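Novice: 3D, please:
(4 chains)
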Number of protein chains: 2
Amino acid sequence: MEQVKLSQSLEDYLEMVHMLRLANGIARVRDIAAALKVKMPSVAKAVIELKKLGLVTQEPYSGIELTSEGALVASQILNRHILLKSFLIKLGISEAIADKDACCMEHILSAETLEKIEEFVNAPNEPAKKSKTAAKSTKK
Amino acid sequence: MEQVKLSQSLEDYLEMVHMLRLANGIARVRDIAAALKVKMPSVAKAVIELKKLGLVTQEPYSGIELTSEGALVASQILNRHILLKSFLIKLGISEAIADKDACCMEHILSAETLEKIEEFVNAPNEPAKKSKTAAKSTKK
DNA sequence: TTCTAAATTTAGCTATGACTAATATATCAG
DNA sequence: CTGATATATTAGTCATAGCTAAATTTAGAA
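Specialist: A predicted model of the protein is given here:
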């Protein structure tokens, strides 16, 4: 439980491994590269680092697996992402932008800020002040 | 008006030049280093970059000045900082943490998100639901 | 005025994280 | 089974951004 301290970049790679495994059952170098808009050698290097840190394993030339610690850390990051995305959407930001900005914010916010954001997201809801969003309000 | 694209790091240096000039009338290498918690040679290097970009000027061995473009860019960054800090404080985050997190967020958020945050900050204010902020009961 | 201490700058090292080019391996079509 | 193509890896380059150590300049104290 020594709390590995990951760079933003490594957090992104680890999270993407997790997401791809959830979505496809497997996390391939090619797909990670496509999703993060980097080239495959960048992924290969990141995977080497994550292996050194004991967060992933990989048979040569095949998919990337998470260790139990890796899975734990990855899901923490993913949870932050989901929280922040909900938060931004609740502020009225479009889904695409919410996703993109959540992706940056998830690496930098302090625990206190994340807590307060969680409270806000879970709040019963403010009385929709004068909602001029009338039309396609809850478009999701 | 070609919108220089600064790294987060250079944005921090430029903003700090602006803040120190506002606070002290002069931005010295030593003070920038102290404020950003880096060493002086790191500041010197950053200043060289900002000079190349036409955002600051400096007589050798003296304080750093902003060009008119530098002043413009710096105040945009500072305005984002102020906005984000207000926002976080409105969410109930302590001033110190709000300042710190605003400092990270100011470099990464999209225009749309900043707009929505501005709307939120300027909103008439929700009816402080059940304000139990009284005795800092939010031990959580 | 002169000398010492502080501030600034330069030179050069390190780590991160991207890239291209080249190599190695795997997989699939025939 | 074999070869072409896709995927993965390795090697090496580059830029950013930090650092220390050493040199330079400025400024204040004696």
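
Novice: tell me which element residue A:82 is part of?
Specialist: Secondary structure assignment for residue A:82, by DSSP states H and E: helix A:68-90.

Novice: return the set of buried residues in that helix.
Specialist: Buried residues in helix A:68-90, counted by 16 or more other Cβ atoms under 10 Å in any protein chain shown: A:70-71, A:73-74, A:77-78, A:80-81, A:83-90. Every C-beta, even on glycine, is put in place using the N, C-alpha and C of the backbone.

Novice: tell me if that helix is near chain B.
Specialist: Yes - shown here: helix A:68-90 in contact with chain B (Cβ under 8 Å from any Cβ of the partner chain) through residue A:88.

Novice: what parts of chain A come near chain B?
Specialist: Where chain A comes near chain B, counting by Cβ under 8 Å from any Cβ, the residues are A:88, A:91-94, A:97-98, A:100-101, A:104-105, A:108-110, A:112-113, A:115-117, A:119-120, A:123-124, A:126-127, A:129.

Novice: narrow those residues to just the buried residues.
Specialist: For these, a burial check counting by 16+ other Cβ under 10 Å picks out A:88, A:91, A:93, A:97-98, A:100-101, A:104-105, A:109-110, A:112-113, A:115-117, A:120.

Novice: restricted to helices, list those.
Specialist: Within these, residues falling in helices by DSSP state H are A:88, A:97-98, A:100-101, A:104-105, A:112-113, A:115-117, A:120.

Novice: among those residues, which one sits closest to DNA strand D?
Specialist: Checking those against DNA strand D with Cβ to the nearest atom of the strand, the nearest one is residue A:104 at 14.7 Å.

Novice: residue ranges with poor pLDDT in chain A?
Specialist: Along chain A, the parts satisfying pLDDT under 70 run over A:1-2, A:126-140.

Novice: enumerate the residues of it near DNA strand D.
Specialist: When proximity is defined by Cβ under 7 Å from any atom of the strand, chain A lies next to DNA strand D at A:28-31, A:40-41, A:43-45, A:47-48, A:58, A:60-63.

Novice: can you rerun that using 6 Å?
Specialist: Proximity of chain A to DNA strand D, by Cβ under 6 Å from any atom of the strand, involves residues A:28-30, A:40-41, A:44, A:47, A:58, A:60-61.

Novice: redo these as JSON lines? Include distance to DNA strand C, secondary structure and neighbour count.
Specialist: Formatted as JSON lines, the residues of chain A next to DNA strand D follow (distance: Cβ to the nearest atom of the strand, whole Å; DSSP: H, G, I helix; E, B strand; the rest coil; neighbours: other Cβ atoms under 10 Å in any protein chain shown):
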{"residue": "A:28", "distance to DNA strand C": "10", "secondary structure": "coil", "neighbour count": "16"}
{"residue": "A:29", "distance to DNA strand C": "11", "secondary structure": "helix", "neighbour count": "19"}
{"residue": "A:30", "distance to DNA strand C": "12", "secondary structure": "helix", "neighbour count": "10"}
{"residue": "A:40", "distance to DNA strand C": "7", "secondary structure": "helix", "neighbour count": "13"}
{"residue": "A:41", "distance to DNA strand C": "3", "secondary structure": "helix", "neighbour count": "10"}
{"residue": "A:44", "distance to DNA strand C": "8", "secondary structure": "helix", "neighbour count": "13"}
{"residue": "A:47", "distance to DNA strand C": "11", "secondary structure": "helix", "neighbour count": "22"}
{"residue": "A:58", "distance to DNA strand C": "12", "secondary structure": "strand", "neighbour count": "17"}
{"residue": "A:60", "distance to DNA strand C": "6", "secondary structure": "coil", "neighbour count": "4"}
{"residue": "A:61", "distance to DNA strand C": "4", "secondary structure": "coil", "neighbour count": "6"}
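
Novice: would you mind measuring from residue A:52 to DNA strand D?
Specialist: Remark: distance between residue A:52 and DNA strand D (Cβ to the nearest atom of the strand, to the nearest Å) = 12 Å.
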